[in-house]
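**Student:** sequence? don't have it. structure:
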């Protein structure tokens, strides 16, 4: 009889844990995609929390200032390879609303020489800039110590070799450069 009670207690505890788990917040997603929309040369993913991400760019701009918002939605990120093979693109100003740059954001951009990185960026995926032979400059809005605090990969000299070896200009105002 005691064995039966012990078994029932264990089963009850396991079921209670399984039922309560979704309420703990550990399964909650940050953004849930509700749609994708092309607008001009940009493709956006729209999220349920009234934010958006730029996931593709097909334009021909030499200098590109990315928007902070789209249709009233704050831009919170990018897709990997958003700027793949953007020939002619020389300079990109990233929006002040992003905190993470995904792996291989700029791939095969033969003419890319510089990007503006806002202080909101706290970490970067592997090889943010890859196969961009002319890339040489990062214009950074913050200080040297703020730049040093950015997580640029577990092994920065291989994970983000191009950025680590670029010239960094600090305290840049994107509206005067």
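**Tutor:** Everything's here; your move. What you see is a predicted model, and the numbers here were worked out from it, not measured in a lab.
**Student:** Could you double-check that residue 160 sits in contact with residue 154?
**Tutor:** No - Residue 160 is not in contact with residue 154 according to Cβ atoms under 8 Å; the separation is 10.1 Å. C-betas here are computed from N, CA, C, even on glycine.
**Student:** Counting neighbours, go ahead and name the busier of the two.
**Tutor:** Between residue 160 and residue 154, residue 160 has the larger neighbour count (other Cβ atoms under 10 Å), namely 23 against 8.
**Student:** That one and residue 86, how far apart?
**Tutor:** 19 Å (Cβ to Cβ, to the nearest Å).
**Student:** Repeat that for residue 149.
**Tutor:** Applying Cβ to Cβ, the value for residue 149 to residue 86 is 29 Å.
**Student:** Between these two, which is the more surrounded one?
**Tutor:** Neighbour tally, residue 149 and residue 86, criterion other Cβ under 10 Å: the higher count belongs to residue 86, 24 against 11.
**Student:** Just give the closest residue to that one, not the sequence neighbours.
**Tutor:** Excluding its sequence neighbours, the residue lying closest to residue 86 (Cβ to Cβ, 6 or more residues apart in numbering) is residue 109, at 4.8 Å.
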